[in-house]
Structures are given as C-alpha cells and as structure tokens.
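A.B. asks: sharing a model that was predicted from the sequence below.
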Amino acid sequence: MPDPTPTDSARLACPACGNRPAHARPANRRRRYELWWECAACPWVGVRSADGGPLRTMRRLRDGWADCMFCGEEEANVVGEPFERDGERLDWLVCLACGRGNTRRLGPAQG
C-alpha cells in the first residue's frame, strides 16, 4: 500500500475540529486498499481509498459494539454512515486494531 506523503496530509483537515489529522493509521494486511486518518485533537477518524477516493468520516463506538468481536480489542470499532440495502438499514463496522469489518444491521429501512 502506498504511504501518504506529507503533501497528502497537509491538504486534509479534520471535518470535526479543523485541525490537520495527526497521522495515517498504518494499514494492516486486511485493509491495504484504504488509508486511515486520525485526529489527535478530537475523536474523529476518517478513511479513503488508497486510489484517492473521497474521505469518509467514521464514528467511534462507545456502547457494547465498541469492542471487536473478532480480536477482542476494547473500544477499537468504528462505523460509517448508515445506508439502506434490500429493505434494511445497515452501517459498515471496522476494527481499527485487526482490520476486520462487516456490515451491521440497524433495523428496517426508513421511508
């Protein structure tokens, strides 16, 4: 996976607080195609495709879903924006420690 250059991180700004993200979270073997960004000033986490796709905000979980069901790491899971598919409302859950991810069912589609 290509490492982000200093010019890549200089262009990014945390959408939550405006500070420059502290670092690109190192990709593990499972998520080589993604660049993970983390803000040192606030709890914001973002991800984008290694090919330069848009930066997507992820949300840290603080409930029973925060701990990874795969590796057991505490408070390591983040989720993306909810979306609808096949009549269900879902989101994308990823563990920042082990890189495993899965869709999570939130309930029936709204609307």
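C.D. replies: Here it is on my side, so go on. Residues are numbered from 1 along each chain as shown.

A.B. asks: mind listing what the residue nearest the centre of the chain touches?
C.D. replies: The centre of the chain sits closest to residue 58, judged by CA atoms, centre = their mean, with a distance of 4.2 Å. Taking CB atoms under 8 Å, 6 or more residues apart in numbering, we find residue 58 in contact with 45-47, 78-80, 94. For every residue, glycine as well, the C-beta is placed using N, CA and C.

A.B. asks: ignoring the adjacent residues along the chain, who's closest to it?
C.D. replies: Distance criterion CB to CB, 6 or more residues apart in numbering; nearest residue to residue 58, sequence neighbours excluded, is residue 78 at 4.0 Å.

A.B. asks: just the pLDDT for the one you found.
C.D. replies: On pLDDT, residue 78 comes in at 92.

A.B. asks: so who does it touch?
C.D. replies: Contact partners of residue 78, counting by CB under 8 Å, 6+ apart, are 45, 58-61, 93-94, 96.

A.B. asks: with residue 93 instead?
C.D. replies: 61, 65, 77-79, 101-104.
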